[in-house]
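S.K.: Predicted model and sequence below, questions to follow.
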Amino acid sequence: ETGVTQSPTHLIKTRGQQVTLRCSSQSGHNTVSWYQQALGQGPQFIFQYYREEENGRGNFPPRFSGLQFPNYSSELNVNALELDDSALYLCASSSTGGTEKLFFGSGTQLSVL
Amino acid sequence: GDSVTQMEGPVTLSEEAFLTINCTYTATGYPSLFWYVQYPGEGLQLLLKATKADDKGSNKGFEATYRKETTSFHLEKGSVQVSDSAVYFCALNEPYGNKLVFGAGTILRVKS
């Protein structure tokens, strides 16, 4: 059974650019959530996808968007990058739409210069 | 909105010392409470959880009790090891909710 994998592990972008982060959920999991973890802070909920539909969104602007594919893998897209978008982006999968047991990937470290 | 407050770190202890990391929460409903651990270079791992008042979650020698009257969920371990060095996050969710609300995290450093 494979765990949650994220790619790339590190990324450097320039302000104003666009970025796509990828996540493969754990086998058998149909729910993927994305979190942003700024340096020295706890993760903050961006959104969740359940069976390819968005199933809740946190307090993030529309330039943060996502997709979930039929195999339940997911993408996080961020347009018009800002310096404050520099953070660790974590993907978590679960077998239900809830949060009782989330399995997190190791994250993508995004630096915006 | 719902929130979680953790004691600030870093917490530095000697091996075999007793550990307490304080966590209090504010919630409108009756959340489940969690402790997650993040080792260097890794994602978060669920350490333990409690789903209702007076429940005690435990795992790997760590314990935390859901105290509704004090809105707290303090993490304890009787004897820490160097391998326990990590960042610990307290979190909550709402019943049937789809997101976790995390505290800011507490860095634990254990010296041999």
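M.R.: Good, I have the coordinates.

S.K.: Going by C-alpha atoms from here, please, whenever you check contacts or count neighbours.
M.R.: Fine.

S.K.: On the three-state scheme, B:Ser83 is what?
M.R.: Here B:Ser83 is recorded as helix under DSSP: H, G, I helix; E, B strand; the rest coil.

S.K.: What is the burial count for it?
M.R.: Per other Cα atoms under 10 Å in any protein chain shown, the neighbour tally for B:Ser83 reads 12.

S.K.: Relative to B:Ile107, how far out is it?
M.R.: Per Cα to Cα, to the nearest Å, B:Ser83 is found 13 Å from B:Ile107.

S.K.: for B:Leu100, same thing?
M.R.: 20 Å.

S.K.: now swap in B:Tyr30 and tell me
M.R.: 27 Å.

S.K.: Who has more neighbours out of those two?
M.R.: Taking neighbours as other Cα under 10 Å, B:Tyr30 and B:Ile107 compare with B:Ile107 leading, 20 against 15.

S.K.: Listing partners with orientation, what would you give for the host helix or strand of A:Leu110?
M.R.: Using DSSP states H and E, A:Leu110 maps to strand A:108-112. Strand A:108-112 pairs in its sheet with strand A:10-13 (parallel), strand A:87-94 (antiparallel), by DSSP bridges.

S.K.: Now mean neighbour count too, for these, in TSV please.
M.R.: Below are these laid out as TSV (neighbours: other Cα atoms under 10 Å in any protein chain shown):
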stretch	mean neighbour count
strand A:10-13	14
strand A:87-94	26
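
S.K.: got CSV for those strands, with mean pLDDT and distance to B:Glu15 too?
M.R.: Conversion of those to CSV gives the following (pLDDT from 0 to 100; distance: least, Cα to Cα, whole Å):
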stretch, mean pLDDT, distance to B:Glu15
strand A:10-13, 97, 34
strand A:87-94, 95, 30
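
S.K.: Just tell me which of these ends up closest to B:Val37.
M.R.: strand A:87-94 (13.8 Å; Cα to Cα).

S.K.: Just the CA trace of that closest one, in CSV.
M.R.: Extracted in CSV, the C-alpha atoms of strand A:87-94 (Å, rounded to 0.1, in the frame of the first residue of the first chain):
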residue,chain,number,x,y,z
ALA,A,87,5.0,28.0,2.2
LEU,A,88,4.9,24.2,2.6
TYR,A,89,1.8,22.8,0.8
LEU,A,90,0.5,19.6,2.3
CYS,A,91,-1.9,17.2,0.7
ALA,A,92,-3.8,14.8,2.8
SER,A,93,-6.0,11.9,1.8
SER,A,94,-8.7,9.9,3.6
